[in-house]
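Trainee: What would the 3D arrangement of this be:
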Amino acid sequence: MAVTTGATRLVTGKVRLSYVHVFEKWSGGEDQDAKYSVVLLIPKTDKATIRALRVAEAAATEAGKSTKFGGSIPKGLKSIIHDGDEEADLDKNPEYAGCLYMSVGSRTRPGIVDKNVQPILDSTEVYSGCYARVSINAYPYNTKGNRGISFGLNNLQKLADGEQLGGGTRADADFDAVDEDDEDVL
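Mentor: Here you go, the predicted structure:
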């Protein structure tokens, strides 16, 4: 269940994470600033989170009318919320099916905690494929003629492990513990 904490700020329900860069900044290209980022996969069945996203987006649009859009809401305003069934390359990202997806980022490192609200310091604990709740905020932008509503990344709470996306595996899934006397391993 999503929790709205202000007109433009919310905490999602349980979402799946993809393209996770929350422990170190990452840049998608030469002309982009490095930042912390993650793609959120929001199940279309999570009506509470989707409703909260739309409410926050509408509040940011209204705020942007006076701060970014010159007194009126422009036609064709861009949104970063996308339909995985219609806009994603499902051959490359089949996990996007049945989900809305959005990329959120921040110049400052997000707080990262586990389901007991204890800090997660091990970067291997939060990966593409795990499940989390994410604190985000909607804001208007008007940059070089591009106008729209985006969402910033605030904090992240890991809820559960999931199958790793992108073909990789975790080391603890590949190996068993080995006794020092076990010569068959060597």
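
Trainee: mind listing what Ala7 touches?
Mentor: Neighbouring residues of Ala7 by C-beta atoms under 8 Å, 6 or more residues apart in numbering: 55-56, 59, 63. For every residue, glycine as well, the C-beta is placed using N, CA and C.

Trainee: And it, how far from Ser66?
Mentor: Using C-beta to C-beta, to the nearest Å, we find Ala7 at a distance of 14 Å from Ser66.

Trainee: Quick check: Tyr139 touching Asn154?
Mentor: No - here Tyr139 does not reach Asn154: they are 11.6 Å apart, not a contact under C-beta atoms under 8 Å.

Trainee: quick one on the thing from earlier: quick check: of the contacts of Ala7, which lies closest to Asp114?
Mentor: Asp114 has its nearest neighbour among the contacts of Ala7 in Ala56, at 25.4 Å by C-beta to C-beta.

Trainee: And whichever helix in the chain runs longest, what's buried?
Mentor: Secondary structure of the chain per DSSP state H: the longest helix is helix 47-67. Of all the residues in helix 47-67, those buried under the rule 16 or more other C-beta atoms under 10 Å are 49-50, 52-53, 55-57, 59-61, 63-64.

Trainee: Can you tell me what sits against the next helix or strand after it?
Mentor: Next helix or strand after helix 47-67 toward the C-terminus (DSSP states H and E): strand 78-79. Here strand 78-79 makes contact (C-beta under 8 Å, 6+ apart) with 57, 146-149.

Trainee: Residue ranges in the chain under the pLDDT threshold?
Mentor: Within the chain, the ranges that satisfy pLDDT under 70 run 1, 3-5, 167-170, 181-186.

Trainee: ok, which stretches of it are strands?
Mentor: Under the criterion DSSP state E, strands of the chain are mapped to 3-4, 9-11, 15-26, 35-43, 78-79, 82-83, 99-106, 111-113, 131-143, 146-160.

Trainee: These: which one's closest to Lys92?
Mentor: Ranking the strands of the chain by proximity to Lys92 (C-beta to C-beta) places strand 15-26 first, at 11.0 Å.

Trainee: Tell me the strands beside the closest one, with direction?
Mentor: Strand 15-26 has the following strand partners under DSSP bridges: strand 35-43 (antiparallel), strand 131-143 (antiparallel).

Trainee: winner for burial among the ones you listed?
Mentor: Mean neighbours per residue, mean count of other C-beta atoms under 10 Å, is largest over the strands paired with strand 15-26 for strand 35-43, with a mean of 22.

Trainee: Between helix 47-67 and that one, find me the angle.
Mentor: Orientation check (axes from the mean of the first three to the mean of the last three C-alpha atoms, to 10 degrees): strand 35-43 against helix 47-67 gives 130 degrees.

Trainee: CA atoms of strand 35-43 as PDB?
Mentor: C-alpha atoms of strand 35-43 as PDB (Å, rounded to 0.1, in the frame of the first residue of the first chain):
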ATOM      1  CA  LYS A  35      23.600  10.300 -10.100                       C
ATOM      2  CA  TYR A  36      22.100   7.600  -7.900                       C
ATOM      3  CA  SER A  37      19.200   6.000  -9.700                       C
ATOM      4  CA  VAL A  38      16.900   3.000  -9.900                       C
ATOM      5  CA  VAL A  39      14.000   1.900 -12.200                       C
ATOM      6  CA  LEU A  40      10.900   1.000 -10.200                       C
ATOM      7  CA  LEU A  41       8.600  -1.800 -11.600                       C
ATOM      8  CA  ILE A  42       5.100  -1.100 -10.200                       C
ATOM      9  CA  PRO A  43       2.600  -3.900 -10.600                       C
END
